[in-house]
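Asks: after the sequence you'll find the predicted model.
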Amino acid sequence: MLEPAERQQLRRIEQTVTSDDPRFAAGMARGEPWPPREYRRRQDLGLAVGLIAAPLVAAVGTMWSIRMAALGAILPVLAVLVLLLRAPSDR
């Protein structure tokens, strides 16, 4: 088994980990480790960027789809006008 000095050192490590990252320490105690805080920051940053970027992409996509819909509505009208305004000899 462990000597008393080693047990005391393990208790200090446990206390330090518990005070630094309680969720990680609780997960380790349950046998279901939670990712350390350093890794969660990266995930949180990715989630934040995704949540910010999604509405921007949707807004830009909506603007382009409105423009394309307007263009799709205007082009047939322009085609009819060109056909009607052409000189009779061109028909």
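Replies: Done, it's in.
Asks: this structure: helices as residue ranges?
Replies: Under the criterion DSSP state H, the chain contains helices at 4-20, 22-30, 37-85.
Asks: dump the ones you listed into CSV; add mean pLDDT as well.
Replies: Putting the helices of the chain into CSV (pLDDT from 0 to 100) gives the following:
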stretch, mean pLDDT
helix 4-20, 92
helix 22-30, 87
helix 37-85, 85
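Asks: go through those helices and pick out the most buried.
Replies: Burial of the helices of the chain is given as mean neighbour count (mean count of other Cβ atoms under 10 Å); helix 22-30 ranks first at a mean of 14. C-beta: built from backbone N, CA, C; applies to glycine.
Asks: and the contacts of it?
Replies: Residues outside helix 22-30 that contact it (Cβ atoms under 8 Å, 6 or more residues apart in numbering): 14, 17-18, 33-37.
Asks: the same query, at a cut-off of 7 Å, please.
Replies: 17-18, 33-34, 36-37 (Cβ atoms under 7 Å, 6 or more residues apart in numbering).
Asks: kindly report the same for stretch 35-48.
Replies: Under Cβ under 7 Å, 6+ apart, the answer for stretch 35-48 is 21, 24.
Asks: what's the spacing between it and its chain's center?
Replies: Relative to its chain's centre, stretch 35-48 lies at 12 Å (Cα atoms, centre = their mean, to the nearest Å).
Asks: same check on stretch 47-66?
Replies: Worked out by Cα atoms, centre = their mean, stretch 47-66 lies 11 Å from the chain centre.
Asks: start and end of stretch 22-36, how far apart?
Replies: 10 Å (Cα to Cα, to the nearest Å).
Asks: contact partners for the residue nearest the centre of the chain?
Replies: Nearest residue to the geometric centre of the chain (Cα atoms, centre = their mean): G50, 1.9 Å. By Cβ under 7 Å, 6+ apart, G50 lies in contact with nothing.
Asks: repeat the analysis, applying 10 Å as the threshold.
Replies: Listed by Cβ atoms under 10 Å, 6 or more residues apart in numbering, the contact set of G50 reads V57.
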